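Peer 1: got a predicted model here, sequence first, then my questions.
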There are 2 protein chains.
Amino acid sequence: MEIYTIRDVARKAGVAVSTVSRVLNGRPDVSEETRKKVLDVVEQFGFVQNRNARNLKNTKPGYAAIIVRGRRNAFLNDVATQMIEFAQGHKTPFLVKYIDEEDDEFDAMRQLYAEKRAGSFILLGSRLDERCEAVRAVGVPVVFATVDAERAEFDNASSVCVDDRAAMRAMMDRILDQGHTRVAVFGGNRDGDDIFARRYQGAMDSLRAHGIEYDPDEYVLSRFSLEGGYESAVRFFEKHQDVTAVMTMSDMMAMGVTRALRDMGLRVPEDVSVSGFDGTVMARYYVPSIASVRQPVEEIARKSVELLCDMLEGGEARHVKVDYSLVEGESIAQVRA
Amino acid sequence: MEIYTIRDVARKAGVAVSTVSRVLNGRPDVSEETRKKVLDVVEQFGFVQNRNARNLKNTKPGYAAIIVRGRRNAFLNDVATQMIEFAQGHKTPFLVKYIDEEDDEFDAMRQLYAEKRAGSFILLGSRLDERCEAVRAVGVPVVFATVDAERAEFDNASSVCVDDRAAMRAMMDRILDQGHTRVAVFGGNRDGDDIFARRYQGAMDSLRAHGIEYDPDEYVLSRFSLEGGYESAVRFFEKHQDVTAVMTMSDMMAMGVTRALRDMGLRVPEDVSVSGFDGTVMARYYVPSIASVRQPVEEIARKSVELLCDMLEGGEARHVKVDYSLVEGESIAQVRA
DNA sequence: CCCGCAGTCGGAAACGTTTTCATGCTTCTA
DNA sequence: TAGAAGCATGAAAACGTTTCCGACTGCGGG
């Protein structure tokens, strides 16, 4: 495998390296004739630029980076994909970086800043915990997507998300309207100030409004995966047979719960109703299709990009809420007699 | 956001840049005292190495790269994840590169070779079409995973896969054993010499052995996704109501088909049996659970890494077949009377 | 005829590392 | 005690780009 450098191309084309560079970067100040000559050699050599050298030399922060926490999360992945779609039109090039669940996104930011010259960021699925103080410190434009950063009061950070609390409340309303009075809630940590805590609050809002007292034992901390939902359901229903509905904070979890119920001889929705969150494609295709809270992927993506570009042009940080919607599903039914 | 270079660290620590470099790379020839001094400064600055400069300087091909075609493919993703798991123990560091469905993996190889100094590759989900001649040309060690490259007769390429033909035949046997005589097959292009063509042949083998004549109209070229399966099923069943089973080449497709059947008022498996391929987790959690051909993710991953390391140490290229297995599922039943 | 200017192009200095080579300082050996 | 040998360190040359600066044309205007 032959590796050619810009120098090889220059030699072969009989020009200087600077000229080759100009051609490769589409600079205007090069004659049509030389451009042609250089491009011919590039073609012939199958020359590919070395990005390391390029990025090393280019020190001005031109990129915007999308940092996605969790490679497996289909929902976040879809949002990221949409983002780069929308980003196409804009002047600043976008790049995507996936980090693991446990990784520190601020390390990632620093790294991207140092290496890729990324000077602004969209953070997808950030936890917004104590580490987020680093965002304040870095002082570069940041957009939190699917996270409400309003209360954190950064002056360099915007955010876009659905009103998680209202959304969860609406879904719970819908479940209760079917006559259910004992509803288990499966989800993330309800004690913090993140989206999971807010979703929990939303569920409580609805129960309170319906005059239903909630048994704290009926909240289950669960992993957001098929397996997580499955295991939680098995453990839970061993003790609580009288619950007639399970509300979850993710579609994957909801499908895991549904499978578990079926394995335990309970039918969904005839015996137990189940709801999800996110509005993923898989949930629509599941049997029974999972009733869910749809987060508008395209809108979140578009708004995020928009907010970031705004800030890049000197605009204020803003916090926007996009509209959720309830998606119908076969997984919710009238409570059994 | 402050960016520090190795030079800043050196100055602050009162040593030369070369010494800092030695510390960072864990070289032995540096006194414990200076090491400590340097690491302190690194800690204090929150210094991160610039990988561009590092890779630019390091010219010896030390990495092995895993190239995954298709970010959305859960099965390939799982395999890749397992691979880096297994690769941990080996001397050569592995890196993963995702490319899009349409991208050319040989461009990716060249790029990785030039930039990341990747001198050997594992190709996941490669098409093995005309472009694969490039593999012969590059002459570096390559392992095709989930692809049978035996017939292509590279001397620098190994491969690991299940016996797709036998696997598909086994699954078809199982369907036919339930009394079905009209089985539709949904899958990829059956005309080439890739895994899809072989799977098709496998299905035909079984039908032939059972003395069943296959109507070529009952083969459907379909995309390997939920939507693909859904659309194909809707189109197909408008014309062919007498088919009692659908065999597919992917779990996603099978779930799409199942959902479509249900929407058309047909029950799975009572009215129509459905089978998948890959043995993904989602298929197990689906309702009905999808009978599938399990490809052993861990084994494919382990073998691939092993074969690559073998070749790196001068070993011959080999082609290994790993064992598939049939996974039971609720989606297949006795043919209706 | 000289000057300025636009259009092209080449030379060379960076960018942040790694690594080779040289150097000084110990310590050991004969 | 001289020299070899080993350790710890510094200086400097790369790696493949981009970009600034300057040089060289040819041209039109004063």
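Peer 2: The structure has been received and is ready for your questions. Numbering: from 1, shown residues only, chains lettered A, B, ... in the order given.

Peer 1: give me the helices and strands touching the helix or strand containing A:I66, please.
Peer 2: Using DSSP states H and E, A:I66 falls within strand A:63-69. When contacts are defined as 3 or more C-beta pairs under 8 Å, 6 or more residues apart in numbering or on different chains; DSSP states H and E, strand A:63-69 sits against helix A:74-87, strand A:94-99, helix A:105-115, strand A:118-124. Just so you know, the C-beta spots here come from the backbone N, C-alpha and C atoms, and that holds for glycine as well.

Peer 1: ok, now which ones touch the residue in the stretch 201-337 of chain A that DNA strand C sits nearest to?
Peer 2: Of the residues in the stretch 201-337 of chain A, the one nearest DNA strand C is A:L312, at a distance of 22.1 Å by C-beta to the nearest atom of the strand. By C-beta atoms under 8 Å, 6 or more residues apart in numbering or on different chains, A:L312 lies in contact with A:A64, A:T92, A:S120, A:P141.

Peer 1: surely A:A64 meets A:K116?
Peer 2: No. At 10.2 Å, A:A64 does not count as touching A:K116 under the criterion of C-beta atoms under 8 Å.

Peer 1: least confident of the helices and strands packed on strand A:63-69, on average?
Peer 2: Per-stretch mean pLDDT for the helices and strands packed on strand A:63-69 is lowest at helix A:105-115 (a mean of 83).

Peer 1: what does it contact?
Peer 2: The contact list for helix A:105-115 (C-beta under 8 Å, 6+ apart) reads A:55, A:61, A:63, A:65, A:67, A:69, A:95, A:97, A:99, A:118-119, A:121, A:123, A:126, A:131, A:134-135, A:138, A:140, B:1, B:3, B:46, B:48, B:50-52.

Peer 1: so which of the helices and strands packed on strand A:63-69 comes closest to A:G265?
Peer 2: Smallest distance to A:G265 across those (C-beta to C-beta): 29.3 Å, for helix A:74-87.

Peer 1: what angle separates that closest one from strand A:118-124?
Peer 2: Between helix A:74-87 and strand A:118-124, the angle comes out at 140 degrees (axes from the mean of the first three to the mean of the last three C-alpha atoms, to 10 degrees).

Peer 1: buried residues of helix A:74-87, list them for me.
Peer 2: Neighbour counts over helix A:74-87 (16 or more other C-beta atoms under 10 Å in any protein chain shown) mark A:A74, A:F75, A:L76, A:N77, A:D78, A:V79, A:A80, A:T81, A:Q82, A:M83, A:F86, A:A87 as buried.

Peer 1: and what of stretch A:52-62?
Peer 2: Applying 16+ other C-beta under 10 Å to stretch A:52-62 flags A:N52, A:A53, A:R54, A:N55, A:L56, A:P61 as buried.

Peer 1: read off the pLDDT value for the first one.
Peer 2: pLDDT, the model's per-residue confidence, is 88 for A:N52.

Peer 1: wait, is it part of a strand?
Peer 2: No. Using DSSP: H, G, I helix; E, B strand; the rest coil, the secondary structure at A:N52 is helix, not a strand.

Peer 1: would you check that it makes contact with B:N52?
Peer 2: Yes. Counting by C-beta under 8 Å, A:N52 does reach B:N52; the two are 4.3 Å apart.

Peer 1: DNA strand D contacts on chain A?
Peer 2: Residues of chain A lying close to DNA strand D (C-beta under 7 Å from any atom of the strand) are A:3, A:5-7, A:17-18, A:20-22, A:24-25, A:47, A:49-50, A:52-54, A:56-58.

Peer 1: partner strands of the strand holding A:I66, parallel or antiparallel?
Peer 2: strand A:94-99 (parallel), strand A:118-124 (parallel) (DSSP bridges).

Peer 1: tell me the most buried of the ones you listed?
Peer 2: Of all those, strand A:118-124 has the most neighbours on average by mean count of other C-beta atoms under 10 Å in any protein chain shown, namely a mean of 26.

Peer 1: with just CA atoms, put that one into PDB.
Peer 2: The C-alpha trace of strand A:118-124 is given here as PDB (Å, rounded to 0.1, in the frame of the first residue of the first chain):
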ATOM      1  CA  ALA A 118     -13.900  22.000  17.700                       C
ATOM      2  CA  GLY A 119     -14.900  25.200  19.300                       C
ATOM      3  CA  SER A 120     -18.600  24.600  20.000                       C
ATOM      4  CA  PHE A 121     -20.600  21.600  21.100                       C
ATOM      5  CA  ILE A 122     -23.900  19.900  21.100                       C
ATOM      6  CA  LEU A 123     -24.200  17.500  24.000                       C
ATOM      7  CA  LEU A 124     -26.700  14.600  23.600                       C
END
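
Peer 1: and the angle for that strand with helix A:105-115?
Peer 2: Using the same axes, to 10 degrees: strand A:118-124 against helix A:105-115 is 150 degrees.

Peer 1: need the residues that contact strand A:118-124.
Peer 2: A:61-69, A:76, A:79-80, A:83, A:92, A:95, A:105, A:109, A:112-113, A:140-147, A:304-305, A:308, A:311-312.

Peer 1: which element follows it toward the C-terminus?
Peer 2: Downstream of strand A:118-124, the next assigned helix or strand under DSSP H and E is helix A:133-138.

Peer 1: adjacent strands (with direction) for the very next helix or strand once past that next one?
Peer 2: For helix A:133-138, the following helix or strand on the C-terminal side (DSSP H and E) is strand A:142-145. Sheet pairing of strand A:142-145 (DSSP bridges) gives strand A:118-124 (parallel), strand A:157-162 (parallel).

Peer 1: now distance to DNA strand C too, for those, in a markdown table please.
Peer 2: Converted to a markdown table, these look like this (distance: least, C-beta to the nearest atom of the strand, whole Å):
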| stretch | distance to DNA strand C |
| --- | --- |
| strand A:118-124 | 14 |
| strand A:157-162 | 26 |
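
Peer 1: quick one: pLDDT of the closest residue to A:G188 other than its chain neighbours?
Peer 2: Leaving aside its sequence neighbours, A:G188 sits nearest to A:F196 (C-beta to C-beta, 6 or more residues apart in numbering or on different chains; 3.3 Å). Note on A:F196: pLDDT of 91.

Peer 1: and if you look at the one 10 residues further on?
Peer 2: If you check A:S206, the pLDDT there is 96.

Peer 1: which SSE is it in?
Peer 2: Assigned by DSSP H and E, A:S206 falls within helix A:195-209.

Peer 1: mean confidence for the helix or strand following that helix?
Peer 2: If you walk from helix A:195-209 toward the C-terminus, the next helix or strand you reach (DSSP H and E) is strand A:219-221. Averaged across strand A:219-221, pLDDT comes to 95.

Peer 1: distance to DNA strand C for the buried residues of stretch A:52-62 - can I get that in a markdown table?
Peer 2: A markdown table is the format used below for the buried residues of stretch A:52-62 (distance: C-beta to the nearest atom of the strand, whole Å):
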| residue | distance to DNA strand C |
| --- | --- |
| A:N52 | 8 |
| A:A53 | 6 |
| A:R54 | 9 |
| A:N55 | 9 |
| A:L56 | 4 |
| A:P61 | 12 |
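
Peer 1: circling back: between A:A64 and A:K116, what contacts are shared?
Peer 2: A:L95.
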